[in-house]
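**Q** need the 3D shape of this:
(chains A, B and C)
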Amino acid sequence: MQFRKNNRLLLKKDFDCVFENPKRTKDSNFTVLYKKNSKNYPRLGLIISKKNCKLASKRNRLKRIIRESFRNNISKLKGHDIVVLNKHTTYNNDTLVLIKSLMRHWIRISKEK
RNA sequence: AGAGUUGGCCUUGCAAUCGCUGGUGAUACUUAUCACGAGAGGAAAGUCCGGGCUCCUUCGGAAAAAGUGCCAGGUAACACCUGGAGGGUGCGAACCCAUGGAUAGUGCAGCAGAAAAUAUACCGCCUAAGUACUCAAGUAACGGUAAGGUUGAAAUGGUGCGGUAAGAGCGCACCGCAUAAAUGGUAACAUUUAUGGCUAGGAAAACCCCACUUGGAGCAAGACCAAAUAGAGAAGUGCCUGAUUAAUUUCAGAUCGUCGAUUCCGAGCGAACUUCUGGGUAGGUUGCAUGAGAUAGUUGGUGACAACUAUCCUAGAUGAAUGAUUGUACUCGACAGAACCCGGCUUACGGCCAACUCUUUCU
RNA sequence: GCCCCGGUAGCUCAGUUGGAUAGAGCACAAAAUUCCUAAUUUUGGGGUCAGAGGUUCGAAUCCUCUUCGGGGCA
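**A** The predicted model follows:
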């Protein structure tokens, strides 16, 4: 249930690695890219663009929601590197809607195994 | 009750569980675990001003450039704040003002209008004196005049009386303007008196003048540790000219470079060779939170604020920490997220309290 | 975080310093030309000068604030 620096994508290399031939799932709120890694824990990268969400406080809110959802489902996602991108309407939605949307993504990824 | 003005304060509270980032302590031993305690704002925003801090040769002078602009005070400083003066807005509480100089100089004002800054004379008014026509009455401008009219944003003091041929600061009274003096005030300025008699229009947010201020760049500053690869720094010896000395010993001067990112000058530093030390891009560490600090009290001051005393330590990330869930209470939670740090200004926005003003109704 | 530019017609830009007519090219519409179209010629429409406030008789232009867009510094 822990979420530490190990579980994050920090370097540009790691991001580039995911962007080469990723698998992807989409809906109206998020685009999720993912790829198998060689480790036995998952890693999360966030790309919340300033163009799609202008206010800093709203960007922070999105990041927190995504991280919290990731943390709660960390056991399902072992062995994947995951990158989440936002859409330009995402920040208008309620927290519950976003969490449900994220759950659908996590389930799809865990089925891929 | 409604409408409004000013000032101050707050920015959901409490409990539980699971997480995130620093700190302290312990255990393992350098990265984990456990315990304790801490963790966004009034605007953290815009980056519009002013500082601290750091580097640039933290030196001096001149010009240029930029900024500020009633007076006094506050402050580290300011384009900020406080108090006052003058002007303006509002019935009022109150609020607003880039508010020095147009008599240093240059330039500007389309169209309209006679005339737009050395005033002038289109329509007008007058015919007293003098002149022309005429016997005279009268007519007239090549004479006098600027009261009235027209234009325009703006027309060269205003009103009234006297005066006159008609008029005119031509004379007088009041207002206004200018100058001088006196009084009050630290001052801005105000009041009074005397004198002058239109000369003094607008615009300085056009150039400009006067007074005051300002060196430049910015934490992606800068410092340290450090692969590859190319540069640097320190010490010693020496120089082109002249003088001097036992001596390349000492002194003076010239030339070139540097004086960064407005330019120039001065001062300072440097110039060639040898030896030694090494060197800093990716990355990391640091800068980095004890400060023009906060809270409370006392004193001084109209106030901004200052002084003193006591107590306290209160975010520090770096793909960037503050969240989620549950319960509960209410007024049902707006604007919004620190990134070197402060003081302001501006903009966004939810509420509470106090004082005051106006209107209406009732007593 | 710090620094610096820009916003004018559907599009690309002048005009801003130095204040008094908002202009050019392309595009659009109409007419002429042609058997028809293109090209050409002529004519026309289209502008809160990013927004608000101030200075001024008068502001796209000067001053202040806001807003949107873009760029640089590793």
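
**Q** how about residue A:45, nearest residue that isn't a chain neighbour?
**A** Nearest in space to residue A:45, with sequence neighbours left out and distances taken as C-beta to C-beta, 6 or more residues apart in numbering, is residue A:9 at 3.3 Å. Where C-beta positions appear, they are placed from N, C-alpha and C, glycine not excepted.

**Q** what's the burial count for the one you found?
**A** Residue A:9 has 19 neighbours, counted by other C-beta atoms under 10 Å.

**Q** next one: residue A:18 relative to residue A:94, how far apart?
**A** As for residue A:18, its distance to residue A:94 is 29 Å (criterion: C-beta to C-beta, to the nearest Å).

**Q** what helix or strand is the most centrally placed residue in chain A located in?
**A** For chain A, the residue nearest the mean C-alpha position is residue A:84 (3.4 Å; C-alpha atoms, centre = their mean). Following DSSP states H and E, one finds residue A:84 within strand A:80-86.

**Q** centre of the chain versus that strand, how much separation?
**A** Computed by C-alpha atoms, centre = their mean, to the nearest Å, the chain-centroid distance of strand A:80-86 equals 4 Å.

**Q** cool, and stretch A:42-55?
**A** That offset, for stretch A:42-55, works out to 9 Å (C-alpha atoms, centre = their mean).

**Q** mean confidence score for that stretch?
**A** Mean pLDDT, computed over stretch A:42-55, is 78.

**Q** who touches that stretch?
**A** A:6-9, A:14-15, A:18, A:37, A:59, A:62-63, A:66-67, A:70, A:74, A:77-88, A:90-91 (C-beta atoms under 8 Å, 6 or more residues apart in numbering).

**Q** buried ones only from those, please, as a PyMOL command.
**A** Buried residues among the contacts of stretch A:42-55 (16 or more other C-beta atoms under 10 Å), as a PyMOL selection:
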select buried, chain A and resi 7+9+14+18+37+59+62+66+67+70+74+77+80+81+82+83+84+85+86+87+90+91
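
**Q** hey, C-alpha coordinates of the worst-scoring helix or strand of chain A on mean pLDDT in CSV?
**A** Lowest mean confidence among the helices and strands of chain A (mean pLDDT, DSSP states H and E): helix A:12-19, at a mean of 72. The C-alpha coordinates for helix A:12-19 follow below in CSV (Å, rounded to 0.1, in the frame of the first residue of the first chain):
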residue,chain,number,x,y,z
LYS,A,12,13.3,11.5,-19.1
LYS,A,13,14.7,8.1,-20.2
ASP,A,14,12.0,6.3,-18.4
PHE,A,15,9.3,8.3,-20.0
ASP,A,16,10.8,7.9,-23.4
CYS,A,17,10.9,4.1,-22.8
VAL,A,18,7.2,4.1,-22.2
PHE,A,19,6.4,6.2,-25.2
